[in-house]
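1. generate a structure from the sequence data that follows.
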Amino acid sequence: MSKGFFISCAIDYPNAKLHMGHVYEKTVADVIARVHRLNGEKVLFTVGTDEHGEKIAESAKHANLPPKQFVDEMSAEFQKLMDMALISYDRFVRTTDADHVKAAQHFFQLMWDNDDIYPDMYEGWYCVSDETFWTEKDTVEKLGKRFCPNTHCGKELKKVKEESYFFKWSAFQKKLEEWYAQTPGNVFPEFRKKEMENFLKQGLHDVSFSRKSIKWGIPTPVNPEHTMYVWSDALVNYLTVCGFPEKKYTDFWPADVHVIGMDINRFHSLLWPAMLMSANIALPKQVIVHGFVNDENGIKFSKSLGNGVDPLQIIPKYGMEALRYYLLREVPLGNDIAFSEKNLVERANSELGNSLGNLVFRVLSMMEKYTNGVIPDAALNEAVLQQARVHAQEAYRFYLEHDIQNALVQVMKVSAVGNKFIADTEPWKLMKEGKRAEVESLLATEIEIIRVLSILLAPVLPQTCEKIISQIGFEKPSFTALNKTPSLSGKKIVKGPVLFPKFEIEKK
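-> I've put the predicted structure just below:
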């Protein structure tokens, strides 16, 4: 039996407000998952919440709630956003789930048994917000205090001294160097891989993998007085969802794609592979690293600046599909997005409304007028279809390469072929001239172009795809049907309202 396609997102800390970055990351992964389902593959797509550690315990304390009740409530809110954002996940994993606790402890035991975990005393700087330990040389000093060097964080660090269990990250330096050299595309895009290679050149240091002072966590199997440090716990979720430690986990493991943000790249692209090497488990095939969603001036969202964009306000205003399209179409995967409501409106109006929505509405309106709403039995214009098919194949290729932006560029070129054919042919004039056969050929050709568009749009705009299918009666979308023109003549269409009503940007 062939292995299924497994794609995961980073699991999120349920200790703060949901933001646009959560929506963007999950949308990228969702599109990739849908692409592979349309390709006929068995897919496992997972999202979830990372619920242990000091940061969660502190947030629960501030909310006057026990940690478990706090994470139950916050995790439910995250799951609601995933559903609102049309994320087609197969499992919403929580690190408080019983099967994850079992998997994390089993994995820790494997590293211990292989002599890659050892006890020692930790003394150094710790960022509660990032759940990251820093050496003194890496920290930022201001007025005698030490701050987190991560540009997206910058919070004050705590000096920590306590007994800990360490992972021998340094022991995997050479193996990781070899893996990077021998595995093209293991980190995407390439400039994010270069960052990891540069980090490797600095030399890896062993990392603390347990905390004795933090009680809200999974007890280590080698010493129940210690709880697992967040990364020794959280990263194992990717195995948990596959059924680890049961043998069935290899039905989907190794992971085909981990989709994560650039701030946690080294944990997924250097620490996680080393942990897997220690446990003698296959490495993930690819880590896709996306950029941040910033404000329209490219400045990081922050409470102090009040420049944040709340997805729970944007989605009801424009609809999730317009937002999905904008996020995916705006920049190449890997780059930061300067989120602009104005750009969202302009792109939705011009590309989704004027091009795609207009094409579908015009074709179905002409069919109601000229063929009584029945798809005509007419010869297709193969020259026009060939133009559309070239762009469709390019879009398909880009989808498989996870180049979603360029896939959408090609999709809109398919739509442009359909619109140009109408503009060039002027079917309203042909009808006046009594050339019904030519009009019927045009309409049958346009229906085939719309069918191709409905397949290509399914990963990004699943609801729109369903609307088109319900109006015209296409089969369930599949990439295997992309070049198989079905016989649709005689089918009665049911024209609906325009797919994308025009938006107006609110004047401030």
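2. ok, now which ones touch residue 387?
-> residue 417 (Cβ atoms under 8 Å, 6 or more residues apart in numbering). Quick note: C-beta positions are derived from backbone N, CA and C, even for glycine.
3. what's the closest non-adjacent residue to residue 398?
-> residue 407 (3.8 Å; Cβ to Cβ, 6 or more residues apart in numbering).
4. which helix or strand contains the one you found?
-> Per DSSP states H and E: residue 407 is located in helix 404-425.
5. what packs against that helix?
-> Contacts defined by 3 or more Cβ pairs under 8 Å, 6 or more residues apart in numbering; DSSP states H and E place helix 404-425 against helix 20-38, helix 320-330, helix 358-370, helix 382-400, helix 436-457.
6. turn the ones you listed into JSON lines, including distance to residue 58 and mean pLDDT.
-> Compiled in JSON lines, those are given as follows (distance: least, Cβ to Cβ, whole Å; pLDDT from 0 to 100):
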{"stretch": "helix 20-38", "distance to residue 58": "21", "mean pLDDT": "96"}
{"stretch": "helix 320-330", "distance to residue 58": "31", "mean pLDDT": "97"}
{"stretch": "helix 358-370", "distance to residue 58": "51", "mean pLDDT": "97"}
{"stretch": "helix 382-400", "distance to residue 58": "42", "mean pLDDT": "97"}
{"stretch": "helix 436-457", "distance to residue 58": "44", "mean pLDDT": "97"}
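7. out of these, nearest to residue 187?
-> Set against residue 187 and scored by Cβ to Cβ, the helices and strands packed on helix 404-425 come closest in helix 20-38, at 15.2 Å.
8. which elements pack onto the next helix or strand after that closest one?
-> In the C-terminal direction, the helix or strand that comes right after helix 20-38 (DSSP H and E) is strand 43-49. Applying 3+ Cβ pairs under 8 Å, 6+ apart, one finds that strand 43-49 makes contact with strand 5-9, helix 20-38, helix 67-84, strand 91-94, helix 237-240.
9. closest to residue 499 out of those?
-> Nearest of these to residue 499, taken as Cβ to Cβ: helix 20-38 at 18.6 Å.
10. what angle do the closest one and strand 5-9 make?
-> 170 degrees (axes from the mean of the first three to the mean of the last three Cα atoms, to 10 degrees).
11. any chance of the helices and strands packed on strand 43-49 in a markdown table, with distance to residue 397 and mean neighbour count too?
-> Converted to a markdown table, the helices and strands packed on strand 43-49 look like this (distance: least, Cβ to Cβ, whole Å; neighbours: other Cβ atoms under 10 Å):
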| stretch | distance to residue 397 | mean neighbour count |
| --- | --- | --- |
| strand 5-9 | 17 | 25 |
| helix 20-38 | 11 | 23 |
| helix 67-84 | 29 | 17 |
| strand 91-94 | 29 | 19 |
| helix 237-240 | 28 | 25 |
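12. how about these in JSON lines, adding distance to residue 478?
-> Written out in JSON lines, the entries for the helices and strands packed on strand 43-49 read as follows (distance: least, Cβ to Cβ, whole Å):
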{"stretch": "strand 5-9", "distance to residue 478": "15"}
{"stretch": "helix 20-38", "distance to residue 478": "6"}
{"stretch": "helix 67-84", "distance to residue 478": "24"}
{"stretch": "strand 91-94", "distance to residue 478": "24"}
{"stretch": "helix 237-240", "distance to residue 478": "28"}
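13. to residue 47, which of those lies closest?
-> Proximity to residue 47 (Cβ to Cβ) singles out strand 5-9 among the helices and strands packed on strand 43-49, at 4.9 Å.
14. that closest one pairs with which strands, parallel or anti?
-> Strand pairing for strand 5-9, determined by DSSP bridges: strand 43-49 (parallel), strand 257-261 (parallel).
15. lowest-confidence helix or strand of the protein?
-> strand 132-134 (a mean of 71; mean pLDDT, DSSP states H and E).
16. who's in contact with the following helix or strand past that one?
-> Downstream of strand 132-134, the next assigned helix or strand under DSSP H and E is strand 140-142. With Cβ under 8 Å, 6+ apart as the test, strand 140-142 has contacts from 146-149, 154.
17. I appreciate the help and will end here.
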